[in-house]
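any chance you can model this:
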Amino acid sequence: MDKTPIGDTGLAVTPICFGTSVLGDMPDTYGYGVDEARARVTLDTIFEGPVNFLDTSNNYGFGCSEERIGAALRNLGGLPEGFVISTKLDRDMETGRFDAGRARQSVEESLTRLGIDQISLLHLHDPEHARDLNEITCNGGALDELFKLKDEGIARAVGIAMGRIDIMFPILRERPFDALISHNRFSLLNRSANEMFDFAHANGIAILNAAPYAGGVLAKGSAKMPRVTYQEADNATLEPVRRIEEICARYGIAPGAAALQFSMRDPRITSTIVGVSKPERVAETIDWASIDFPPGAWDELMALPYSDEDPEANRDFRPG
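Down below sits the predicted model:
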């Protein structure tokens, strides 16, 4: 796969990044679990393939995702040359504390679990769920610590990863981030990140667009997985998904391929983060990324209505 540089950091990434939250065994989020054996073979498949980019976080599965990645890396003898691992600073999951001290502790935990001495790309994660946003944004707070970690060489590049655009966009304007991760806010179903993506692209910030399948439903199907953005969905919520499925069925294409390529064909987006829960999904993702669409399919898909509202405004957030 071709690779796109992340600013002047020396990092270059493939247009697909595999997300590993589900590999950390998070049934409260996804509605199913993933055991260690299945996670291990999935990770081995990723490292053997053409994608050079993997995303995790300190709090995915309360550290389980990073631990499983670290075990896979030890089996490989270390991080493959040119491979990029993205992880995230997280709040204390019991108290919500997210000051500079917690940021430093978080990265030390991640380095230990992963078994590496430098993070390729380090994001500050989910500040909207911390106990006090001021602990993060104040002088000497967690954001200052994030950039200090880059200055010290502990991280090669830094970013911000979160959901709520109303909190994220002002922070993005104030700091020289190398990258951002937004999830569920730019997909066939939702475009609420559009203005923020315009700003980031114009300012040289790499855009990593996560969750193009709206939490999995566009990949697995509304009949099999009636959940949208990690929430149980009623018929009204599933109706836009079914419209996409109907168009794709008429053209003989997988809705997951349409959802993935919608993100990949946007010139602003550096890489699309796709969660995978088993090795078959790795191969499927690569296949979906390269299939040709019949004439007329995109015209119909792009003519569908979409939401500009926060897709997780009513979500009961559970970290497990």
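
strands of the stretch 151-300 of the chain, residue ranges please.
Using DSSP state E, counting those that start in this stretch, the strands of the stretch 151-300 of the chain run over 155-162, 179-183, 206-210, 227-228, 231-232, 269-275.

which one of these lies nearest to residue 59?
The minimum distance between residue 59 and the strands of the stretch 151-300 of the chain falls on strand 155-162, with 11.4 Å, by Cβ to Cβ. For the C-beta atoms, the positions are set from N, CA and C on the backbone; glycine is no exception.

counting by contacts, list what the closest one packs against.
strand 119-125, helix 142-151, helix 165-174, strand 179-183, strand 206-210 (3 or more Cβ pairs under 8 Å, 6 or more residues apart in numbering; DSSP states H and E).

for the last one, C-alpha coordinates in CSV please.
Same thing as strand 206-210. The C-alpha trace of strand 206-210 is given here as CSV (Å, rounded to 0.1, in the frame of the first residue of the first chain):
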residue,chain,number,x,y,z
ALA,A,206,-3.3,14.4,9.7
ILE,A,207,-6.9,13.2,9.8
LEU,A,208,-7.4,9.7,11.1
ASN,A,209,-11.1,8.8,10.6
ALA,A,210,-12.2,6.1,12.8
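
elements contacting it?
Against strand 206-210 (3+ Cβ pairs under 8 Å, 6+ apart) you get strand 155-162, strand 179-183, helix 194-202, strand 269-275.

at 6 Å what do you get?
Packed against strand 206-210 by the contact rule (3 or more Cβ pairs under 6 Å, 6 or more residues apart in numbering; DSSP states H and E) you find strand 179-183, strand 269-275.

tabulate the strands of the stretch 151-300 of the chain in CSV, adding columns for mean neighbour count.
Listed next are those as CSV, based on neighbours: other Cβ atoms under 10 Å:
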stretch, mean neighbour count
strand 155-162, 23
strand 179-183, 26
strand 206-210, 25
strand 227-228, 22
strand 231-232, 12
strand 269-275, 26
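
for those, which one sits closest to residue 33?
Judging the strands of the stretch 151-300 of the chain by Cβ to Cβ, what sits closest to residue 33 is strand 269-275, at 13.9 Å.

now do that closest one against strand 206-210, angle only.
If you take axes from the mean of the first three to the mean of the last three Cα atoms, to 10 degrees, strand 269-275 sits at 30 degrees to strand 206-210.

adjacent strands (with direction) for strand 269-275?
Strand 269-275 has its sheet partners listed here by DSSP bridges as strand 16-19 (parallel), strand 206-210 (parallel).

and residue 251, which of these is closest to it?
Smallest distance to residue 251 across the strands paired with strand 269-275 (Cβ to Cβ): 22.5 Å, for strand 16-19.

beta partners for the most centrally placed residue in the chain?
Closest to where the C-alpha atoms of the chain average out (Cα atoms, centre = their mean) is residue 210, at 3.8 Å. As for beta bridges, residue 210 partners with residue 183, residue 273 under DSSP bridges.

need the pLDDT of it.
Residue 210 is assigned 98 on the pLDDT scale.

quick one, what contacts it?
181, 183, 273 (Cβ atoms under 6 Å, 6 or more residues apart in numbering).

from residue 293, how far out is it?
The spacing between residue 210 and residue 293, counted by Cβ to Cβ, to the nearest Å, is 23 Å.

residues near the closest residue to residue 135 other than its chain neighbours, how many?
Leaving out its chain neighbours, the residue that sits closest to residue 135 by Cβ to Cβ, 6 or more residues apart in numbering is residue 99, at 4.4 Å. As a burial measure, residue 99 scores 21 neighbours (other Cβ atoms under 10 Å).
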